[in-house]
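**Q** no letters, just coordinates:
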Ligand code: BGC
């Protein structure tokens with residue numbers, strides 16, 4: 001080859017390489033910093049030391065780049081999508097020259113969201129509220145591990161799940177995303193969940209900090225209650241979860257607390273989260289929940305999502321002008337980097353991608369669902385059903401021929417095959433009800449191969465009753481769909497389903513109701529039916545779990561993580577606060593996404609969320625917190641309390657003929673000086689027991705759970721005096737009690 005030809009070839013080759021580099025989207029950095037011998041890749045250093053070493057090398061622009069996202073991306077049709085984004089809810093580009101990978105954030109409350117965008121698959125887990133109904137910390141860790149594993153498989157390195165707002169308003173459209181009404185149960189469950197996520201080298205998150213306890217007016221309302229009650233309720237849940245998981249992120253909420261937006265709230269972020277809870281990770285804003293630059297940054301916000309309107313160019317200007325000290329920006333960046341090192345997302349960068357294992361996901365999801373389903377009623381021992389003796393089973397309603405329902409909004413997981421059914425007119429795409437292909441009809445037919453099992457859609461109550469009357473058993477599936485962005489006006493089942501249940505129950509004396517719901521419902525037909533199962537939104541293994549429980553292959557063991565009220569009139573707020581403001585906006589034809597004018601929500605019930613309210617007010621719930629039946633019975637005895645070791649010991653016995661699991665619960669009523677007219681959940685354990693088996697259970701009493709939050713001291717105080725300790729199977733069934741003496 002002549003030299004001029006060679007030059008031409010080399011030139012052409014270089015051009016081709018250049019063109020390729022210009023047009024092929026660059027993949028996330030494949031070369032971890034270790035390969036470049038970067039000093040911060042020394043794993044014997046602590047995450048904080050490693051973060052500081054990186055920080056020393058960073059320019060101002062690089063620091064600014066790390067503290068915000070790059071826009072709405074795939075969430076908003078038409079918005080630009082950065083080439084390297086993994087198509088999740090958020091994207092913050094890394095610093096290639098320093099070996100710091102991009103942060104790809106994905107919503108993942110009940111499984112990875114938006115998998116369908118790239119024809120990926122994600123496991124739908126039972127709703128987090130269902131997870132809380134297991135009261136099982138190991139199940140919570142498994143739940144998080146499934147999410148973390150699948151995020152990683154799909155190229156994400158941060159979860160933005162971990163909903164932990166307290167259910168003080170059961171009509172909240174996001175109740176299904178949260179872990180119930182008790183701060184100790186919810187904080188422990190969500191803490192273990194976030195720990196599970198992080199076990200997969202994915203950054204975990206908990207949200208929405210704080211008191212985003214209703215959707216009505218969520219962008220503008222100010223939550224008000226005194227600091228003691230806030231500390232003993234919503235904030236305690238976060239304190240517990242942070243202690244368990246040390247999550248990378250805490251997402252600040254849309255709403256205001258004490259008048260200030262959560263994402264620029266000095267009390268919430270600086271004083272409580274960072275000082276009192278010693279939170280080492282970073283505070284990221286909910287999507288578009290940042291409202292300022294100087295105030296937000298000074299008051300504790302570390303990362304704006306999804307855009308850069310406040311923490312991009314305006315932040316750079318504020319640093320350059322000295323309005324915000326450089327040290328504060330360094331603290332923000334340090335928090336992000338140390339969290340990346342601590343979770344392992346720098347040492348184990350998210351590559352290569354793998355096909356999510358749907359079989360493993362299904363198994364895990366089903367196992368959790370089987371622990372989460374709560375048996376609420378079993379009159380005449382109709383359940384479990386006997387496949388051998390039943391000749392016919394009628395299945396009615398709720399698309400039970402097709403699948404199971406999930407919750408809507410940013411926590412929705414994409415269903416294989418789509419399956420949007422019955423959307424309410426005017427519903428936005430992300431708020432539509434989705435049925436997962438997991439058919440109760442199919443699995444119930446498998447359980448009873450010799451019986452006639454047929455389905456009626458239940459749309460016409462009279463026709464359904466007529467259909468049901470000749471069958472041995474009628475199983476009515478009812479549902480209540482919940483979605484982010486709006487609350488439900490009432491706890492009454494929608495679409496005339498109460499009339500359906502009544503009609504079927506009148507036609508068939510062996511009627512069982514299976515509820516798929518995101519929160520509590522009222523049951524005006526309760527005494528007319530023989531059996532009731534609360535299955536929450538049970539996830540992709542839901543139909544299998546439901547049929548295993550109906551036929552007794554699994555003995556139900558879930559317990560309620562929320563109180564079922566008989567009527568809205570018994571709730572602390574018979575009407576959702578702000579309903580008048582919402583109604584006015586509707587009458588003015590304001591679209592749903594337009595924020596309501598500001599208003600205060602006075603949470604006058606304070607720390608008395610859920611059962612504490614019902615106890616203090618002496619109101620009888622439909623089903624109490626902690627309640628759940630089994631196909632066997634348990635007895636309790638021999639309660640002892642050790643004042644010195646501060647622990648309780650008691651015996652639980654499976655007094656029936658079937659193996660089962662009981663969840664004994666320990667409650668404490670504080671000394672009179674505390675001024676509390678209710679008891680608190682302070683300990684519990686999930687105890688599997690063979691038929692006839694007894695176990696001695698010893699549980700420690702955590703002093704914080706027994707303490708009051710002293711506003712003046714800004715700390716917990718354990719009062720001396722007599723504490724009544726109650727033990728039993730629910731908050732209203734406590735056969736054992738004794739006294740704990742605190743000096
Ligand atoms: C929700 C968050 C979610 C974010 C991103 C917001 O509407 O409140 O929970 O993580 O959107 O999708």
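**A** Yes, it's here. This structure is a prediction, so every number in the text was calculated from the model and none was measured.
**Q** from here on, contacts and neighbour counts on C-alpha atoms
**A** OK.
**Q** which one of the residues in the stretch 301-450 of the chain is closest to the ligand?
**A** Closest approach between the stretch 301-450 of the chain and the ligand, counting by C-alpha to the nearest ligand atom: residue 410, at 4.8 Å.
**Q** count of residues packed around the closest residue to the ligand within the stretch 501-650 of the chain?
**A** Evaluated by C-alpha to the nearest ligand atom, the stretch 501-650 of the chain has residue 593 as its residue closest to the ligand, separated by 10.7 Å. Residues near residue 593, counting by other C-alpha atoms under 10 Å, number 9.
**Q** could you do residue 439 as well?
**A** Other residues within reach of residue 439, judged by other C-alpha under 10 Å, total 20.
**Q** and what of residue 428?
**A** 11.
**Q** the residue of the stretch 301-450 of the chain closest to the ligand: what secondary structure?
**A** coil (DSSP: H, G, I helix; E, B strand; the rest coil).
**Q** verify the contact between it and residue 484 for me.
**A** Yes: the criterion here is C-alpha atoms under 8 Å, and residue 410 meets it with residue 484 at 7.0 Å.
**Q** what is the closest residue to residue 472 other than its chain neighbours paired to in the beta sheet?
**A** Among residues not flanking residue 472 along the chain, residue 392 sits closest, at 5.3 Å (C-alpha to C-alpha, 6 or more residues apart in numbering). Beta bridges link residue 392 to residue 452, judged by DSSP bridges.
**Q** can you list the residues of the protein near the ligand?
**A** Within the chain, the positions near the ligand by C-alpha under 6 Å from any ligand atom are 89, 107, 160, 286, 287, 410.
**Q** only the buried subset of these, as a ChimeraX command please.
**A** Command for ChimeraX that selects the buried part of the residues of the chain next to the ligand, burial taken from 16 or more other C-alpha atoms under 10 Å:
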select :89,107,160,286,287,410
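**Q** how much space separates the residue of the stretch 251-400 of the chain with the smallest separation from the ligand from residue 94?
**A** Residue of the stretch 251-400 of the chain nearest the ligand, by C-alpha to the nearest ligand atom: residue 287 (5.0 Å). Distance of residue 287 to residue 94, given as C-alpha to C-alpha, to the nearest Å: 20 Å.
**Q** what is the burial count for residue 358?
**A** So residue 358, with other C-alpha under 10 Å, has 15 neighbours.
**Q** is it in contact with residue 125, as I believe?
**A** No: the pair residue 358 and residue 125 fails to qualify as a contact (C-alpha under 8 Å) at a distance of 11.6 Å.
**Q** need the strands for the stretch 101-250 of the chain, in chain order.
**A** Secondary structure of the stretch 101-250 of the chain, counting by DSSP state E, counting those that start in this stretch: strands at 103-106, 158-159, 205-209, 222-224, 249-252.
**Q** quick one: strands adjacent to the fourth one?
**A** To tie it back to what came earlier, the one meant is strand 222-224. strand 256-257 (parallel), strand 600-602 (parallel).
**Q** what would those look like in JSON lines with mean pLDDT and mean neighbour count?
**A** Below are these laid out as JSON lines (pLDDT from 0 to 100; neighbours: other C-alpha atoms under 10 Å):
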{"stretch": "strand 256-257", "mean pLDDT": "98", "mean neighbour count": "26"}
{"stretch": "strand 600-602", "mean pLDDT": "98", "mean neighbour count": "17"}
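**Q** how about the helices in the stretch 151-300 of the chain?
**A** 183-198, 227-232, 234-245, 266, 294-298 (DSSP state H, counting those that start in this stretch).
**Q** just send these back as JSON lines, with mean neighbour count and mean pLDDT too.
**A** As requested, the helices of the stretch 151-300 of the chain are exported to JSON lines (neighbours: other C-alpha atoms under 10 Å; pLDDT from 0 to 100):
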{"stretch": "helix 183-198", "mean neighbour count": "30", "mean pLDDT": "98"}
{"stretch": "helix 227-232", "mean neighbour count": "21", "mean pLDDT": "98"}
{"stretch": "helix 234-245", "mean neighbour count": "24", "mean pLDDT": "98"}
{"stretch": "helix 266", "mean neighbour count": "20", "mean pLDDT": "98"}
{"stretch": "helix 294-298", "mean neighbour count": "20", "mean pLDDT": "98"}
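**Q** same list (the ones you listed) but as CSV, adding distance to residue 386.
**A** What follows is the helices of the stretch 151-300 of the chain, written out as CSV (distance: least, C-alpha to C-alpha, whole Å):
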stretch, distance to residue 386
helix 183-198, 35
helix 227-232, 47
helix 234-245, 42
helix 266, 60
helix 294-298, 61
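**Q** residue 72 is nearest to which of those helices?
**A** helix 294-298 (20.2 Å; C-alpha to C-alpha).
**Q** just the buried positions in the helix or strand following that closest one, please.
**A** Later in the chain than helix 294-298, the nearest helix or strand by DSSP states H and E is helix 313-320. Neighbour counts over helix 313-320 (16+ other C-alpha under 10 Å) mark 314, 315, 316, 318, 319 as buried.
**Q** what packs against helix 313-320?
**A** helix 60-66 (3 or more C-alpha pairs under 8 Å, 6 or more residues apart in numbering; DSSP states H and E).
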